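Visitor: Generate a structure from the sequence data that follows.
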Amino acid sequence: QVQLVESGGGLVQAGGSLRLSCAASGRTFSTYAMGWFRQAPGKEREFVAAISRSGGRTYHADSVKGRFTISRDNAKNTVYLQMNSLKPDDTAVYYCAADYRTFDSASGEEYEYDYWGQGTQVTVSS
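Guide: Take a look at the predicted model:
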């Protein structure tokens, strides 16, 4: 069992930055690929970014590429999402998720993730 707790959300003006954190419980954090997803009001949840177990492989959605960066610190059981140049369209609840993996890869598919956090709200004002 893995418990995930997100933090770092808030209200920011367009063009600003936020860094989201997701702290994981348990001693097996390094066996999980980690992902960030988001859900805007009235929309389906969508993939944002993912990172492999070692952190050596990262994947970002086209909509955030060049602006958002996923990273992880296995010693701290934490995954991060650095968000720069924020736009009003980035307004959503952001969720982190854990996907047990035997290989050093990661997925952008929601159904592959086994554990989810409760989400943190990010609001970008214009």
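Visitor: in what helix or strand does the residue nearest to the spatial centre of the chain lie?
Guide: Residue closest to the average C-alpha location in the chain (C-alpha atoms, centre = their mean): residue 36, at 2.3 Å. Using DSSP states H and E, residue 36 falls within strand 32-39.
Visitor: Could you do residue 108 as well?
Guide: Assessed by DSSP H and E, residue 108 sits outside every helix and strand.
Visitor: excluding its backbone neighbours, what's nearest it?
Guide: Distance criterion C-beta to C-beta, 6 or more residues apart in numbering; nearest residue to residue 108, sequence neighbours excluded, is residue 47 at 4.1 Å. (Glycine included, C-beta is placed from N, CA and C.)
Visitor: name the element that neighbour belongs to?
Guide: Under the criterion of DSSP H and E, residue 47 resides in strand 46-51.
Visitor: Mind listing residues that contact the following helix or strand past that strand?
Guide: Heading C-terminal from strand 46-51, the first helix or strand you meet, by DSSP H and E, is strand 58-60. Residues outside strand 58-60 that contact it (C-beta atoms under 8 Å, 6 or more residues apart in numbering) are 48-52, 68-71, 106, 108.
Visitor: filter these to the buried ones?
Guide: For the contacts of strand 58-60, a burial check counting by 16 or more other C-beta atoms under 10 Å picks out 48-52, 68-70, 106.
Visitor: partner strands of the helix or strand hosting residue 23, parallel or antiparallel?
Guide: Assigned by DSSP H and E, residue 23 belongs to strand 18-24. With DSSP bridges as the test, strand 18-24 is paired with strand 4-7 (antiparallel), strand 78-83 (antiparallel).
Visitor: ok now that strand, how far from the chain's centre?
Guide: Chain-centre distance of strand 18-24: 8 Å, with C-alpha atoms, centre = their mean, to the nearest Å.
Visitor: And stretch 111-126, by the same measure?
Guide: Here the centre of stretch 111-126 is set off from its chain's centre by 7 Å, with C-alpha atoms, centre = their mean.
Visitor: Now do it, average pLDDT.
Guide: Averaged across stretch 111-126, pLDDT comes to 96.
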